[in-house]
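**Student:** Quick one, fold the following:
(one chain, ligands or ions: 2)
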Amino acid sequence: MKIAVIGGGPAGLYFSLLIKKGMPECEVTIYERNPPGVTWGWGVVFSDETLERFRDADRESYEEIAASFARWEDIDVHFKGRVIRSGGHLFYGLRRMRLLEILQNRCREAGVALQFETEIDSLSACSGADLVVAADGVNSRIRSLYAEHFKPDIDSGRSPYIWLATRRVFEAFTFIIRENDDGLFQVHAYPFDRATSTFIVETDERSWKKAGLDTASEQETLGYCETLFADELRGHKLMSNKSAWIKFRRIRNESWRHGNVVLIGDAAHTAHFSIGSGTKMAMEDSMALASALQAQPSDLASALDAYHQERWLDVAKKQRAAEVSQRWFEGIARYRRFEPEQFAVSLLTRSKRVTHGNLKLRDPGYIAGVDRWFASRNGCDGVEPPPPPMFTPFSLRGMSLTNRVVVSPMCQYSAADGSPDDWHLVHIGSRAIGGAGLVITEMTDVSREGRITPGCTGMYKEEHVSQWKRITEFVHARSGAKIGMQLAHAGRKGSTKLMWEGMDEPLPGGNWPLISASPIAWAAANQVPREMDRGDMDQVRDDFVRAARMAQRAGFDMLELHCAHGYLLSSFISPLTNIRADKYGGSLENRMRFPLEVFDAVRRAWREDKPISVRVSATDWAPGGLEVDDSVEIARMLKSRGCDIIDVSSGMTTEMARPVYGSMFQTPFADRIRNEAGIPTMALGNIQNWDQVNTIIVSGHADLCVLARPHLFDPYFTLHAAAAQGYHDMRWPDQYLPAKPRSSG
Ligand SMILES: Cc1cc2nc3c(=O)[nH]c(=O)nc-3n(C[C@H](O)[C@H](O)[C@H](O)COP(=O)(O)OP(=O)(O)OC[C@H]3O[C@@H](n4cnc5c(N)ncnc54)[C@H](O)[C@@H]3O)c2cc1C
Ligand SMILES: Cc1cc2nc3c(=O)[nH]c(=O)nc-3n(C[C@H](O)[C@H](O)[C@H](O)COP(=O)(O)O)c2cc1C
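**Tutor:** Ligands and ions are numbered 1, 2, ... in the order given. Here you go, the predicted structure:
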């Protein structure tokens, strides 16, 4: 087989070496536009796990790499004049040019032809090749030539950055955050040999322009950065290597092959440099492609498909983690007010791949210090050992919670005419004795017509007060939990079947008329709701107020107003479901007018010393819909009206939604709202274990963690979390004390 490889970066070189080694009969030629010994950039980073894979693929290059790398275990975060160090991370740094030299030599030894100073502009230069491997990097010419087949999706980052180096050899992977009159600048620095460190400077567009760096010459940029980071550089200069200010480009391709042309490395996908995985991913592509070709040497199409199949999921996961990390750095200004301890742990856990528990394994002393600091700021000063972050108390107005775990509202579809019964007592009661700090009732409707299904609970008949009171009294008497009620009106999503009979499907008979912000049916099969007039608004507002007063009498500690998931109040907020032409439609301010009117009326009716939460869908996950920026604004409006906490959900507002699910996928929204609008938040959505709860709380992403399905799986989630962490002070029900693990007292 004749193989043409375009690009002699890590991907092209490593692939050529491995395929030539595995299939010596192949004729492999690399076309590289630069001369040997010339490249951009400075150092690259690998983990020990990656190096092991290199060892298995080609021992000779691995040994040379291993003889050349710098190794370190610590990460230092410089912030507000302090340096916070965490250990146990284990990275290896290598000069990029050294890596290329090693691979070039190995390619020569294996018999690969290397044609330097050869720029490939079209495939005619490779016309005799059976396979063309496009390893031509982030700006791939081949990808552009066949864009209609590869279907690239390119997203430009917001922050300008420049890849520099210095002779100051940092002893750790070092993040430096520095604020001056121009703005905020951050450095990602790491050593890559005994004499040099990579020094990437990143900032936001405004600071960059204010500092004049958008028009600065290379020398001026170096001078500016040397002055700004003089303390850390300790007299060393910064060095450039064809360095320029650029913005990171995230590349994805729908297809990785077209005919006999295949993309690898940065040409196929990129991952933000803050997770340091680009070279590793490029070389992993090389390994996968070489293996696939060796497995099916006579069926090129199947081999290329197998390569894609092998790689796409891992790449998608890395890109997702990298994107979260990129967004963290792009939004770094929102963490300015954090104390250094919290700033550092937020930085370390930014991509969600590293958790509080991982950090504890890597460096127990570091995490003990973080926990001690967090405890001291959250009512447990001097408590030894400090409680895990999830077991610190939290207060809203007069309501004090003993821990940060919340049982999410979960419809049970088991009520008759709104009445909660024994099922609800047992369901809520068992979760309260399971240890959560706060339990929130299912969506409880303020009127009979406001129910989603005939099985939904309500707060609209006098007997509902005593029925709910039975439950709140049980919770207060028999557990340490507080209990909140989620109040709602289903709007256009009402009059449907029970969840297990057909979610969102209209009832087979006995449907009741629906109202909503605009006359838009949920789906083709659903009823078209009537657009609410002012009379309807008065009625709904008064129903909410009546329900709030009843909740007060029933002994609830907190109210939650349901403004999410496409129900009535949410239908006013989303531009996709509110197309009104009056003062309740149009701008965000107008769309919030009625939900805020309801909030104000409920706030007036609810006791001053008791908190109110509002659940929002932070994004519609649909084009033209609500975005997180809007939700930050919504949170500001609610905060100014006396809302105490935002319960941050997302989606379920339109059938057109295309959510990107994943572990803790809504937590970044809770983080943005908390740290931009300055209001406490609850994070929820795929929070699966107590380690994630600790991580979210200690990193300042949110103040409380709300878990739904994990509490269906295990009502005793919090008790079990305490036992697993050896947390002694967890209150177990007296009746269950014989089962309390001995080690936890
Ligand atoms: C600031 C920054 C920091 C980074 N830090 C790290 C890190 O710490 N760790 C890490 O693993 N990765 C890091 N990366 C990413 C890493 O550099 C890339 O992911 C990696 O180089 C991809 O390898 P590649 O072979 O696919 O592409 P490249 O390394 O870009 O190689 C492509 C090659 O193709 C050649 N070429 C391009 N077009 C043509 C043409 N038309 N004809 C002939 N030749 C052509 C180029 O000259 C180049 O040599 C970083 C990237 C940046 C921007
Ligand atoms: C059975 C069930 C019923 C639900 N009912 C409600 C509800 O009444 N109100 C609400 O706001 N969310 C409701 N949700 C959504 C959850 O509160 C939560 O936001 C969602 O399940 C994501 O959290 P999780 O990943 O921890 O399950 C329900 C979820 C489930 C599984």
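**Student:** shaky segments in the protein?
**Tutor:** For the chain, the stretches with pLDDT under 70 are 743-745.
**Student:** need the longest helix for it.
**Tutor:** helix 300-330 (DSSP state H).
**Student:** Report the separation between whichever residue of the stretch 401-550 of the chain sits closest to ligand 1 and residue 391.
**Tutor:** As assessed by CB to the nearest ligand atom, ligand 1 sits closest to residue 404 within the stretch 401-550 of the chain, at 35.2 Å. Backbone N, C-alpha and C define where each C-beta goes, glycine included. Counting by CB to CB, to the nearest Å, the gap from residue 404 to residue 391 is 8 Å.
**Student:** I'd guessed residue 268 sits against residue 285; true?
**Tutor:** Yes. Shown here, residue 268 and residue 285 form a contact pair, counting by CB atoms under 8 Å, at 6.6 Å.
**Student:** Among these two, which residue is more densely surrounded?
**Tutor:** residue 285 (31 against 28; other CB atoms under 10 Å).
**Student:** Contact residues of the stretch 451-600 of the chain facing ligand 2?
**Tutor:** For the stretch 451-600 of the chain, the contact set with ligand 2 under CB under 6 Å from any ligand atom comprises 486, 562, 564, 565.
**Student:** Would you reformat the residues you listed as CSV and include distance to residue 259, neighbour count and secondary structure?
**Tutor:** Shown next, in CSV, are those (distance: CB to CB, whole Å; neighbours: other CB atoms under 10 Å; DSSP: H, G, I helix; E, B strand; the rest coil):
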residue, distance to residue 259, neighbour count, secondary structure
486, 56, 24, strand
562, 53, 25, strand
564, 48, 26, coil
565, 46, 20, coil
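**Student:** Now do the SS call for residue 560.
**Tutor:** Following DSSP: H, G, I helix; E, B strand; the rest coil, the label given to residue 560 is strand.
**Student:** How about residue 690, nearest residue that isn't a chain neighbour?
**Tutor:** residue 721 (3.6 Å; CB to CB, 6 or more residues apart in numbering).
**Student:** so where does the one you found fall, helix or strand?
**Tutor:** helix 717-725 (DSSP states H and E).
**Student:** now what about that helix, what contacts it?
**Tutor:** 388, 390-391, 403, 405, 434-437, 689-690, 693, 707, 710-711, 714, 727, 730, 732, 740-741, 744 (CB atoms under 8 Å, 6 or more residues apart in numbering).
**Student:** and what of stretch 521-536?
**Tutor:** Here stretch 521-536 has contacts from 491-493, 495-496, 504-506, 511, 513-520, 540, 566, 580, 655, using CB under 8 Å, 6+ apart.
**Student:** Out of these, which end up buried?
**Tutor:** 491-493, 495-496, 504, 506, 514-518, 520, 540, 566, 580 (16 or more other CB atoms under 10 Å).
**Student:** Give me the subset of the residues you listed that lies in strands.
**Tutor:** Those of the buried ones among the contacts of stretch 521-536 mapping onto strands are 515, 516, per DSSP state E.
**Student:** Now flag whichever of the buried ones among the contacts of stretch 521-536 is closest to residue 384.
**Tutor:** residue 566 (48.0 Å; CB to CB).
**Student:** my guess is the closest one contacts residue 574, does it?
**Tutor:** Yes. Assessed by CB under 8 Å, residue 566 is found in contact with residue 574 at 7.5 Å.
**Student:** what sits in contact with each of these two?
**Tutor:** Joint contacts of residue 566 and residue 574 (CB under 8 Å, 6+ apart) are 617, 653, 654.
**Student:** burial measure for the first one, as a count.
**Tutor:** Right, the one you point to is residue 617. Burial of residue 617, expressed as a neighbour count using other CB under 10 Å, amounts to 27.
**Student:** Show the contacting residues for it.
**Tutor:** Shown in contact with residue 617 (CB under 8 Å, 6+ apart): 563-566, 570, 573-574, 626, 649-653.
**Student:** Tell me the helix or strand right after the longest strand seen in the chain.
**Tutor:** In the chain, with assignment by DSSP E, the single longest strand is strand 152-166. Using DSSP H and E, the helix or strand that follows strand 152-166 in sequence is strand 173-180.
**Student:** Give the other helices and strands that that following strand contacts.
**Tutor:** Under the contact criterion of 3 or more CB pairs under 8 Å, 6 or more residues apart in numbering; DSSP states H and E, strand 173-180 touches strand 75-79, strand 183-191.
**Student:** quick one: is the next helix or strand after the last one near ligand 1?
**Tutor:** On the C-terminal side of strand 183-191, the closest following helix or strand by DSSP H and E is strand 197-203. Yes. Using CB under 6 Å from any ligand atom, a contact is recorded between strand 197-203 and ligand 1, made by residue 200.
**Student:** Tell me which helix or strand comes right after strand 197-203.
**Tutor:** Heading C-terminal from strand 197-203 (DSSP H and E), you reach helix 205-210.
**Student:** Toward the C-terminus, what is the element adjacent to that next one?
**Tutor:** Next helix or strand after helix 205-210 toward the C-terminus (DSSP H and E): helix 218-228.
**Student:** how about the residues of this structure near ligand 1?
**Tutor:** 6-12, 31-34, 41, 44-45, 119-120, 135-138, 141, 163, 200, 265-267, 273, 276-280, 282.
**Student:** Which of those fall in helices?
**Tutor:** 10, 11, 12, 141, 278, 279, 280, 282.
**Student:** Kindly reformat these as CSV and extend each row with distance to ligand 2 and neighbour count.
**Tutor:** Formatted as CSV, these follow (distance: CB to the nearest ligand atom, whole Å; neighbours: other CB atoms under 10 Å):
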residue, distance to ligand 2, neighbour count
10, 39, 26
11, 37, 30
12, 43, 30
141, 44, 17
278, 32, 23
279, 35, 23
280, 31, 22
282, 34, 28
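**Student:** got those residues as CSV, with distance to residue 640 columns?
**Tutor:** Compiled in CSV, those are given as follows (distance: CB to CB, whole Å):
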residue, distance to residue 640
10, 53
11, 52
12, 57
141, 53
278, 44
279, 48
280, 47
282, 49
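**Student:** In strands only, show me the contacts of helix 717-725.
**Tutor:** Judged by DSSP E, strands contain the following of these: 405, 707.
**Student:** Tell me which of the helices and strands packed on strand 173-180 lies nearest to ligand 2.
**Tutor:** strand 75-79 (30.4 Å).
**Student:** List the contacts of that closest one.
**Tutor:** In contact with strand 75-79 (CB under 8 Å, 6+ apart) are residues 83-87, 89, 170-178, 232, 340, 343-344, 347-348.
**Student:** strand partners of that strand, parallel vs antiparallel please.
**Tutor:** strand 82-86 (antiparallel), strand 173-180 (parallel) (DSSP bridges).
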